[in-house]
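Visitor: what follows is a predicted structure for the sequence shown.
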Amino acid sequence: MTAGARRQASRFARPGVLVGGIALVAAVPLITDDIYYQNMAILTFLLAIIASGWNIMAGYAGYVSLGHSAFIGIGAYTAGITAQRWGVSPFVVAPLGGVTAALVALLLGLVTRRTRGAAFVIVSFALLQLLGLIARNWTSMTEGSKGLLLPLPTWSIAYQYWPFYYALLGLLLLSIVMSAAIKRSKLGLGLVAIRDDEDKAAGIGVTTPLYKSLAFIASAVLVGIAGAVYGYYVGFVEPGAMFDIVLSVEAVLAALLGGRGTVWGPVLGAFLLEPLSEVTNSHLGGSNAGAFRIIIFGGLLLVVTLVLPRGILPGATDLLDRIRRRDRVGVVGRRLSEAPVPQAPASRRADAGAASEVLLRVSDVSKRFGGVRALDGCTFDVPAGSITALIGPNGSGKTTLFNAIDGGYAVSGGQVEFGGRPITRLSRTGRTFAGIGRTYQLPRLFGSLTVLENVAAASGQFSLRALARSAVSGAEAARARELLDFVGLGDYLSARAGELSYGQRKLVELAQVLMLDPELIMLDEPAAGINPTLISRLAELVRALNETGRTFLIVEHDMQFVLSLCDPVIVLSRGTVIAQGHPSEISRDHEVVEAYLGEDYVPQPVPAAAAT
Amino acid sequence: MTLLLQTLIFGVLIGGVYALMSSGFTLIFGVMQVINLAHGALLILGAYLSWWMWRHTGVDPLLLGVGTSVIMYGVGWLLHKAVVSRVQRIDPGLTLVASFAVAIAGEGVIALVWGTSRHSATPSYFNTSYHLGSLIVPKAQLYACLGAIALLGLLFALLHGTFLGRSIRACATSRDGAALVGIDVDRCMTQMFAIGTATTGFGGAALAVLYQFIPDSQDVWIGRVLCIVVLGGLGSLGGAAAGAVLLGLAESMTSAYWDTRWTTAVPYMLIIAILLVRPQGIFGTTLRREGAPA
């Protein structure tokens, strides 16, 4: 079989296996009328739904929750209470369970506006415990620890658990379809960017609050509906079983075991785990059953984190990849300077160059950290179409100023105007959309994404419809390729960003910023730590981009780079601007020499090659 | 007025004990950036050990708490070597999940060894009090609080007066920097984790005297500890002390003026409220963030 034919075969084989698998699972109740297996399958579906939901929040977006079973309880209680009061079947009101779960998830998402990582885990845990206590104490609504009795199923006993079985199987399929759709979409790409570096993601046009809210809703809504079905299945809704921390642990364990961040991992984990749980349940009886149960799950979770931290699926994929790539040679560094500078891609921004003469106006900006005045009444302009340099000794506040301009820090005082519009109150992403892009002194790329994905994740304007679009495709992907070609990394599209060298990462970050089509590009020490040929190459790229109308603000210590490329030059010292003007004036300015350049500084003649 | 004063006394006394209980947790976070969710289970283990020794020897359970601290130091050392340091090498993000796994499995082991019925240590002064006019100062609470304060003082002296303490604080500021000046960072981390865990020895003994406990109580206690450190700002020892007194007051106020049933919900409500409104804690300050993560 040729490679092409094999690929062809596998393209048909995969859906075949999928459809066959689903048909098989769906046929189980028709084949056997053993209640034991139906029960095991129902609990497996439930666990797989919770684990899939958890995976969207924790695997994609990186917000690990230890209380995901709370959404089961919320769904079960919502449906249970409304079904009882309105006298309808819990199936009818099950979607309400999903709605309540989604609302609570949104509330949980509010916490992530200002906290990350550890704090979120604590909140998720606290929420689960608190909801359990509310269910226990609010007896007028929930009947307390006595529990809420649900109506008996109305269908013929011949159908056994079929309605529960097919309802949960349907919800599981929906969960998988949704997980897969999110993973493929721009939304999914943004979530991974948030997981890797949330601040950076906000700076490249990922509207993080919206992305996270959508992810949180997606991760809760189906779990809530499943909770409603589960409550009906159990027949009575009681705080201990509905807000069960052990169920949360099982979900985390299932997702970790199968592989977090993958579509099928959590499902695989659940299908491995739940039967094991059933077997241990039926073999362990007596008063110690509960103790053995948590020892087994706690122990397994510990073993998985220590031995198989990435999970089965990613581990297997890696292994296959390594076998397949065994005899292929990787791309090595090419001498970029040999190729001529390509044509700079034109900006797609409609109003490019149309703004006023002053593109960025910083007036009296100050920033205090406790008692330290990092910026103290900073005032300067960046003329539209210029390549402006910002120089000054280490610790003079240059990077702080960048953070104040791009919205990384809220300023303590003063005003920043961009294109004649005050932007001091805009969020970080808002400023990105307004037309500001920046790079970092140490490049910040999303380590788990490829070079192409890193660039394609950036977008200079917001569009709700684009969220659902396929992550890397169409015009966006073509643009990203064009920009990577421009910076000379067209051969590295599918390399992981984490595998690149320092200099290459700087170039990828430049392409990423260009993807935003910014009017102002701020570069933080672009020449630091890269070799001299690459520096002059970088200068050529900047000049080529500047000729197409893009304005630059560059922090740099390499004086030759600055003096040959930039005009005007702004000098910062102790958080204030001490001089600004043409490079030749600056290098002779007495105060600048004293504060920064040093007495022995001799202005270099501008190199002929770079002066063109 | 008497009710208010009495509530304040209860709150402050229990706050002192809470402060010791959460000091180890917050130190471990401050130095290692590890959220040790097994801390609640370790407290319960400390309580069971103290209770068990008290049952067999009849010695004062709070005095035995000092011995329990030594045992818990060993447990902490083992836990760091066997689990925490390994997971940190593999994926630091999973440390929290691993510590949670330890908590869950530990609860199971405790239940197997000691069963699931309620216990509490009841020395001779249990349920007796000093009287200040119409105010009551329960002896057990007072002794536990004084012991906790003494141990906290010792911990503070250890961190600020010894070479080990200075090394630990150096590691907290910068691990690479500490390694460069010749500090054995791994050893330091293990020591820190073990010392932090040792606080659950006396903390557990106080718990055994003041409360009834079952293996499942670890949920409640990790909730309290988390609440205290969130209130005071994660990683700050002084903040934990202040947070502890605040939680003690909030709980005794709730049971005095509202409903004892809701007392257990107070820590969770506080956690959610604080992290929504002021995530750096009541006493925490925003520090300068670096432009790029290291």
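Guide: Cool, the structure landed.
Visitor: hey, let's count contacts and neighbours off CA atoms from now on
Guide: Noted.
Visitor: and the residue of the stretch 501-612 of chain A closest to chain B?
Guide: A:Asp524 (10.3 Å; C-alpha to the nearest C-alpha).
Visitor: that residue bridge partners, please.
Guide: A:Val555 (DSSP bridges).
Visitor: what residues does stretch B:121-139 touch?
Guide: Stretch B:121-139 is contacted by residues B:2, B:5-6, B:9-10, B:51, B:54-55, B:60-61, B:140, B:208-209 when judged by C-alpha atoms under 8 Å, 6 or more residues apart in numbering or on different chains.
Visitor: how long is it end to end?
Guide: 14 Å (C-alpha to C-alpha, to the nearest Å).
Visitor: that stretch - what's its average pLDDT?
Guide: On average, the pLDDT along stretch B:121-139 is 85.
Visitor: do the same with stretch A:365-374
Guide: pLDDT averaged over stretch A:365-374 gives 84.
Visitor: who touches the residue nearest to A:Met242 when sequence neighbours are not counted in this structure?
Guide: Leaving aside its chain neighbours, A:Met242 sits nearest to A:Gly73 (4.4 Å; criterion: C-alpha to C-alpha, 6 or more residues apart in numbering or on different chains). The contact partners of A:Gly73, by C-alpha under 8 Å, 6+ apart, come to A:Gly224, A:Gly227, A:Pro239, A:Met242, A:Phe243.
Visitor: would you mind measuring from the residue of the stretch 501-612 of chain A closest to chain B to A:Asp406?
Guide: Taking C-alpha to C-alpha as the measure, A:Asp524 falls 12 Å from A:Asp406.
Visitor: mutual contacts of those two, please.
Guide: Joint contacts of A:Asp524 and A:Asp406 (C-alpha under 8 Å, 6+ apart) are A:Arg438.
Visitor: output stretch A:114-123 in CSV, but only the C-alpha positions, please.
Guide: The C-alpha trace of stretch A:114-123 is given here as CSV (Å, rounded to 0.1, in the frame of the first residue of the first chain):
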residue,chain,number,x,y,z
ARG,A,114,-8.2,39.1,39.1
THR,A,115,-6.8,35.8,40.2
ARG,A,116,-5.1,32.9,38.5
GLY,A,117,-3.8,29.5,39.3
ALA,A,118,-3.8,28.6,42.9
ALA,A,119,-6.5,31.1,43.9
PHE,A,120,-8.9,29.6,41.3
VAL,A,121,-8.4,26.1,42.6
ILE,A,122,-9.2,27.3,46.1
VAL,A,123,-12.4,29.0,44.9
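Visitor: next secondary structure after the helix of greatest length in chain B?
Guide: The longest helix of chain B (DSSP state H) is helix B:2-32. With elements assigned by DSSP states H and E, the helix or strand that comes after helix B:2-32 is helix B:39-57.
Visitor: hang on, the earlier thing: pull the most distant pair out of the contacts of stretch B:121-139.
Guide: Farthest pair in the contacts of stretch B:121-139 (C-alpha to C-alpha) is B:Thr2 and B:Arg55. Separation: 36.9 Å.
Visitor: those two: which is more packed in?
Guide: For B:Thr2 versus B:Arg55, the count of surrounding residues by other C-alpha atoms under 10 Å in any protein chain shown is larger for B:Arg55: 15 against 9.
Visitor: contacts only, for the more buried one.
Guide: B:Ala121.
Visitor: neighbours around A:Ile157, how many?
Guide: For A:Ile157, the neighbour count with other C-alpha under 10 Å is 9.
Visitor: please tell me how far it sits from A:Asp33.
Guide: For A:Ile157 relative to A:Asp33 (C-alpha to C-alpha), the value is 12 Å.
Visitor: now do the strands in the stretch 251-400 of chain A.
Guide: Ranges of strands in the stretch 251-400 of chain A, per DSSP state E, counting those that start in this stretch, are A:358-369, A:372-383, A:387-391.
Visitor: ranking those by burial, who's on top?
Guide: With neighbours defined as mean count of other C-alpha atoms under 10 Å in any protein chain shown, those peak in mean count at strand A:387-391, which reaches a mean of 26.
Visitor: for that strand, packing partners?
Guide: Contact here means 3 or more C-alpha pairs under 8 Å, 6 or more residues apart in numbering or on different chains; DSSP states H and E; on that basis strand A:387-391 packs against strand A:551-555, strand A:569-573.
Visitor: A:Tyr60 is nearest to which of those strands?
Guide: Among those, if distance is taken as C-alpha to C-alpha, the winner is strand A:551-555, at 34.3 Å.
Visitor: what's the mean pLDDT across that closest one?
Guide: In this model, strand A:551-555 has a mean pLDDT of 93.
Visitor: other residues contacting it?
Guide: A:382-391, A:398-399, A:519-526, A:546.
Visitor: could you list the low-confidence segments of chain B?
Guide: By pLDDT under 70, the low-scoring segments of chain B are B:283-294.
Visitor: how about the strands in it?
Guide: B:129-132, B:135-138 (DSSP state E).
Visitor: most tightly surrounded among those strands?
Guide: Taking mean count of other C-alpha under 10 Å, strand B:135-138 is the most buried of the strands of chain B, at a mean of 16.
Visitor: give me the number of residues near A:Ile245?
Guide: Neighbours of A:Ile245 (other C-alpha under 10 Å): 22.
Visitor: any idea of the pLDDT on it?
Guide: Taking A:Ile245 on its own, its pLDDT is 87.
Visitor: do the same with A:Met1
Guide: For A:Met1, pLDDT reads 46.
Visitor: re the thing from before, between the contacts of A:Gly73, which is closest to A:Ser347?
Guide: Among the contacts of A:Gly73, and counting by C-alpha to C-alpha, the member closest to A:Ser347 is A:Gly224, at 45.7 Å.
Visitor: can I get the strands of chain B in JSON lines including distance to A:Arg14?
Guide: As requested, the strands of chain B are arranged in JSON lines below (distance: least, C-alpha to C-alpha, whole Å):
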{"stretch": "strand B:129-132", "distance to A:Arg14": "74"}
{"stretch": "strand B:135-138", "distance to A:Arg14": "71"}
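Visitor: to A:Arg438, which of those lies closest?
Guide: Between the strands of chain B, strand B:135-138 lies closest to A:Arg438; by C-alpha to C-alpha that is 62.0 Å.
Visitor: show me which residues of chain A sit near chain B.
Guide: Listed as neighbours of chain B in chain A under the rule C-alpha under 8 Å from any C-alpha of the partner chain: A:110-111, A:114-115, A:118-119, A:122-123, A:126-127, A:129-130, A:133, A:137, A:288, A:290-299, A:301-302, A:305-306, A:309, A:369-370, A:399-400, A:403, A:440-442, A:444.
Visitor: quick one on the thing from earlier: got a pLDDT number for the residue of the stretch 501-612 of chain A closest to chain B?
Guide: 91.
Visitor: pull the distance from the longest helix of chain B to the chain's centre.
Guide: 9 Å (C-alpha atoms, centre = their mean, to the nearest Å).
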